[in-house]
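Peer 1: model this:
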Amino acid sequence: MGKFNFSPVDFFFTCAGLLCLLADIVLDVYASVSFYKEKAYVSLGLLMLFLVGSSVLTQVYSWLWYSYEDFERNTKVEKYLNPSQLRTLHVFQLGIYIRHASVVETSLLRICKHDNVSGDLAVYLSHDLSMLRLIETFSEGAPQFVLMLTLLLRHGQLDPITVLKAIGSASAIACSVTMYHRSLRSFLPDKEKQLILSSVIYFIWNLILLSSRLTALALFASVMPCFIFTHFLCSWLVFFFFAWRAKTNFMDSKGGEWLYRATVGLIWYFDWFNVVEGKTRNSTLLYHSFILADISLLCGLWYWKMCTDPPSFEIPQLYALITAVSVVGFYIFGLLFKIIYYKCYHPNLGKEQLKGGASDGPPAGPQTGTAESFRTMSNDVDADDIFRCLSSDVTDHSSSAAPDVKRCNKRMRKLAETFYS
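Peer 2: I've put the predicted structure just below:
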């Protein structure tokens, strides 16, 4: 049967993600104060742009998903809030913390009381949270990492605050990538048979590719700071165009879908992200070829500037050449890890084989309105997760019928279809 399980490992990554988020906020405040005291107003402005822009983006996604589901609230934390209060929290950039609290509440019930219903709900809620954390990673964590590494390269010395902020951003990236992969794995029919090594390999190749990409951007920005914005804008426009041509179907509204495509363009600027169902070998090969060429160009320009017009400090040309070549070689090394993952650990499944598929059983009734956002399954049916609409007045899942409810997150299932197809 298509049962979603929330394991202690999932709970660990959820808590780790929350701790990284809180630690990152503390470091953000500390870094902002430090920039202000040092009168580094340009760095302060860029940091605030990343923080505010990322926060607004994630809150918009969180709010749209609540509205798509007719503000269905499934946990005690959420039930304390009416839609108006929920809107207010999102306006004040606090909506994502309600999602964190909801996942922690349901996962604790699952682990401490062995409540299968809470475990199923915890998986459902954690899927949206993992996607929000991924969006935040590439709209805040990755740009911040580039900014901090750029400052280190320009000053030629290790500033403790900058180093801590870079480490914090890298930790947030690592947790977000791992949480996202575990969310995708929950749709596998034999998840319990999937070795944790698959998540480790997935984490390693993503971290290697991201580290190489972010380092190349930082090297370029350290010698040509003004041109990095032109580079981002031109690259993002190209990626946004391809996201539009891919005809994505992730959000439940036209405006939301355009926002998603713009976000995909932002993610592609740093790392590959599957958005369409079917074979993506050619698209992936084209993307990595483009990024590899771009990294080589960025590192080449950095080496040229270090030889002809170095910043406030100089390094031997041989060391500069080794650095530039190492960054490019590191990206190629990450691609080898990615090939190992797809050859040895990546299951290729059709969407009908994933948990929560519509073809797993007959629908329980016609789907209308925002009720399409929910998919349920009865324990009496010997099949994987069946879609069933929930009426808007059903908010209490503590009734006697609650143990028969199985949920499937429609949005994350679409991503799982593109990832495993």
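Peer 1: Around Val328, count how many other residues there are.
Peer 2: By other C-beta atoms under 10 Å, the residues close to Val328 number 18. (Glycine included, C-beta is placed from N, CA and C.)
Peer 1: got a list of what it touches?
Peer 2: Going by C-beta atoms under 8 Å, 6 or more residues apart in numbering, Val328 touches 212, 216, 292, 295-296, 299.
Peer 1: and with 10 Å instead?
Peer 2: With contact set as C-beta atoms under 10 Å, 6 or more residues apart in numbering, Val328 has these partners: 212, 216, 292-293, 295-296, 298-300.
Peer 1: Tell me which residues touch the most centrally placed residue in the chain, please.
Peer 2: In the chain, the residue lying closest to the centroid (C-alpha atoms, centre = their mean) is Leu134, at 1.4 Å. By C-beta under 10 Å, 6+ apart, the residues touching Leu134 are 58, 141, 173, 176-177, 179-180, 183, 263, 267, 271, 273, 415.
Peer 1: before we move on, which element is it in?
Peer 2: According to DSSP states H and E, Leu134 maps onto helix 116-136.
Peer 1: now that helix: how far from the chain's centre is it?
Peer 2: Its chain's average C-alpha position is 12 Å from that of helix 116-136, according to C-alpha atoms, centre = their mean, to the nearest Å.
Peer 1: pLDDT on that helix, on average?
Peer 2: Averaging pLDDT along helix 116-136 yields 80.
Peer 1: now swap in stretch 354-361 and tell me
Peer 2: The model assigns stretch 354-361 a mean pLDDT of 52.
Peer 1: what's the answer for stretch 27-39, then?
Peer 2: Stretch 27-39 comes out at a mean pLDDT of 88.
Peer 1: List the buried residues in that stretch.
Peer 2: 27-28, 31, 34-35 (16 or more other C-beta atoms under 10 Å).
Peer 1: and if you look at stretch 103-113?
Peer 2: Buried residues in stretch 103-113, counting neighbours by 16+ other C-beta under 10 Å, are found at 103-107, 109-111.
Peer 1: Poorly predicted segments of the stretch 1-150 of the chain, please.
Peer 2: Within the stretch 1-150 of the chain, the ranges that satisfy pLDDT under 70 run 1-11, 13, 17, 111, 113-119.
Peer 1: Tell me how many other residues crowd the closest residue to Arg73 other than its chain neighbours.
Peer 2: The shortest distance from Arg73 to any non-neighbouring residue, by C-beta to C-beta, 6 or more residues apart in numbering, is to Lys79 (5.0 Å). Counted with other C-beta under 10 Å, residues neighbouring Lys79 total 12.
Peer 1: Next step: the contacts of Val328 restricted to helices.
Peer 2: Assigned to helices by DSSP state H, the following of those qualify: 212, 216, 292-293, 295-296, 298-300.
Peer 1: Filter these down to just the buried residues.
Peer 2: 212, 216, 292, 295-296, 298-299.
Peer 1: Would you quantify the distance from Ser296 to Phe203?
Peer 2: For Ser296, the distance to Phe203 equals 25 Å [C-beta to C-beta, to the nearest Å].
Peer 1: now Ile339
Peer 2: Taking C-beta to C-beta, one finds Ile339 at 16 Å from Phe203.
Peer 1: Name the residue in those two with the higher neighbour count.
Peer 2: Legend: neighbour count by other C-beta under 10 Å for Ile339 and Phe203, higher for Phe203 (17 against 11).
Peer 1: give me the element the nearest residue to Cys299 once chain neighbours are set aside is part of.
Peer 2: Among residues not flanking Cys299 along the chain, Ala324 sits closest, at 3.9 Å (C-beta to C-beta, 6+ apart). Counting by DSSP H and E, the element that carries Ala324 is helix 317-344.
Peer 1: chain center to that helix, what's the gap?
Peer 2: 23 Å.
Peer 1: Check which element follows the helix holding Leu134 along the chain.
Peer 2: Following helix 116-136 in sequence order, the next helix or strand is helix 142-155 (DSSP H and E).
Peer 1: ok now that next one, how far from the chain's centre?
Peer 2: So, by C-alpha atoms, centre = their mean, the centroid of helix 142-155 is 21 Å from its chain's centroid.
Peer 1: Just want the angle from the next helix or strand after it to helix 142-155.
Peer 2: Per DSSP H and E, the first helix or strand lying C-terminal to helix 142-155 is helix 160-185. If you take axes from the mean of the first three to the mean of the last three C-alpha atoms, to 10 degrees, helix 160-185 sits at 150 degrees to helix 142-155.
Peer 1: what's the offset of helix 160-185 from the middle of its chain?
Peer 2: 10 Å.
Peer 1: and what of stretch 47-59?
Peer 2: Stretch 47-59 sits 15 Å away from the centroid of its parent chain (C-alpha atoms, centre = their mean).
Peer 1: if we can go back for a sec, check pLDDT for the ones in helices among the contacts of Val328 and point me to the minimum.
Peer 2: Ser212 (91).
Peer 1: Share the number of residues neighbouring the residue nearest to that residue when sequence neighbours are not counted, please.
Peer 2: Spatially, and ignoring its direct neighbours in sequence, Ser212 is nearest to Tyr331 (3.8 Å; C-beta to C-beta, 6+ apart). Here the number of neighbours of Tyr331 (other C-beta under 10 Å) works out to 23.
Peer 1: if we can go back for a sec, which members of the contacts of Leu134 are the farthest-apart pair?
Peer 2: Farthest apart among those by C-beta to C-beta are Gly141 and Leu415. That separation is 19.4 Å.
Peer 1: Could you pull up the contacting residues of the spatially closest residue to Phe250 that is not a sequence neighbour?
Peer 2: Spatial nearest neighbour of Phe250, excluding adjacent residues (C-beta to C-beta, 6+ apart): Tyr260 at 4.9 Å. Listed by C-beta under 10 Å, 6+ apart, the contact set of Tyr260 reads 61, 64, 135, 243, 248-251, 253, 275, 411.
Peer 1: Filter those residues down to the ones in helices?
Peer 2: 61, 64, 135, 243, 411.
Peer 1: quick one on the thing from earlier: show me which of the contacts of Leu134 is closest to Phe239.
Peer 2: The shortest approach to Phe239 among those belongs to Ile267, at 8.4 Å (C-beta to C-beta).
Peer 1: Pull out the buried positions in stretch 239-259.
Peer 2: Of the residues in stretch 239-259, those buried (16+ other C-beta under 10 Å) are 239-240, 242-243, 248, 250-252, 256-257, 259.
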